[in-house]
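**Q** Quick one: sequence plus predicted model below, questions after.
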Amino acid sequence: MDKIRATTIVAVWNGNGGAIAGDGQVTFGETTIIKHGAKKVRRLRDGSVLAGFAGSSADAFSLFEKFEEQLEAYRGNLARAAVELAKEWRTDRVLRRLEALLVVMDRSGLLVVSGNGDVIEPDDGVVAIGSGGPYAMAAAKALVKHTNLSPADIAREALLIASQICIYTNDRVTVETLGP
């Protein structure tokens, strides 16, 4: 059975804030686009946390819920909530079947969370996930190094570049920002 998939997320964090951007394409199987304007980036915890997903859409919504529960349990501590989500995701019989990745950010940092138990903080404040992730990450890293663009502009431009290369990424970009 074909799966509905959501694709590319890129995040840029500069030490006191940043941005997460997602494209809008949802693909059914390998050949059919069924939605162009999906929102894959969300504000959580009264807007103080940003989260974006790549992978199976229904799985990602379940993970957003679980992550919000962990944020509440650990009073907004991003790192602790991410670790607890990764542990639960890896060990729970139902959750461990979920196919998605999360990128989460607050003013303290940027993390990637996976169902394998991974919680990864990028070295340079740039991360991208999903099928267009490698293209978006390369573009974002170059823009960070060679321009003075804001994190939001870098994330947007990186996704637009990825959309020109990856058939699973489109140019209908949603950007959420934190900080100045």
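**A** Sure, I can see it.
**Q** how close does the residue most central in space within the chain get to His146?
**A** Per C-alpha atoms, centre = their mean, the C-alpha nearest to the average position across the chain is that of Gly52, at 3.1 Å. Distance of Gly52 to His146, computed by C-beta to C-beta, to the nearest Å: 24 Å. (Each C-beta comes from the backbone N, C-alpha and C, glycine too.)
**Q** Go ahead and confirm the residue nearest to the centre of the chain touches Asp23.
**A** No: between Gly52 and Asp23 there is no contact under C-beta atoms under 8 Å: 10.3 Å.
**Q** following the worst-scoring helix or strand of the chain on mean pLDDT, which helix or strand shows up next?
**A** Using mean pLDDT, DSSP states H and E, strand 4-6 stands out as the lowest-scoring helix or strand of the chain, at a mean of 55. Scanning the chain past strand 4-6 towards its C-terminal end, the next helix or strand to appear is strand 9-13 (assignment: DSSP states H and E).
**Q** Longest helix of this structure, counting residues only.
**A** helix 57-73 (DSSP state H).
**Q** what's in contact with it?
**A** 4-6, 26, 38, 40, 42, 44-45, 49, 51, 53-54, 77-78, 80-82, 84-85, 88-89, 95, 98-100, 102, 104, 113 (C-beta atoms under 8 Å, 6 or more residues apart in numbering).
**Q** List only those of those flagged as buried.
**A** By the neighbour-count criterion of 16 or more other C-beta atoms under 10 Å, the contacts of helix 57-73 include these buried positions: 4-6, 26, 38, 40, 42, 44-45, 49, 51, 53-54, 78, 81-82, 84-85, 88-89, 95, 98, 100, 102, 104, 113.
**Q** can you give me the strands in the chain?
**A** Taking DSSP state E to define them, one finds strands in the chain at 4-6, 9-13, 18-22, 26-28, 32-35, 41-44, 49-56, 100-106, 109-114, 119-120, 126-129, 174-178.
**Q** which residues are contacting the last one?
**A** Think strand 174-178. 17-22, 24, 39-43, 48, 50, 105-107, 151-152, 155-156.
**Q** Dump that strand to PDB, keeping only the CA atoms.
**A** Extracted C-alpha coordinates of strand 174-178, given in PDB (Å, rounded to 0.1, in the frame of the first residue of the first chain):
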ATOM      1  CA  THR A 174       5.900  28.100   5.300                       C
ATOM      2  CA  VAL A 175       8.300  29.800   7.600                       C
ATOM      3  CA  GLU A 176       8.000  30.200  11.400                       C
ATOM      4  CA  THR A 177      10.500  32.300  13.400                       C
ATOM      5  CA  LEU A 178      11.700  32.700  17.000                       C
END
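**Q** Next, the angle from that strand to strand 100-106.
**A** Counting by axes from the mean of the first three to the mean of the last three C-alpha atoms, to 10 degrees, strand 174-178 points 40 degrees away from the direction of strand 100-106.
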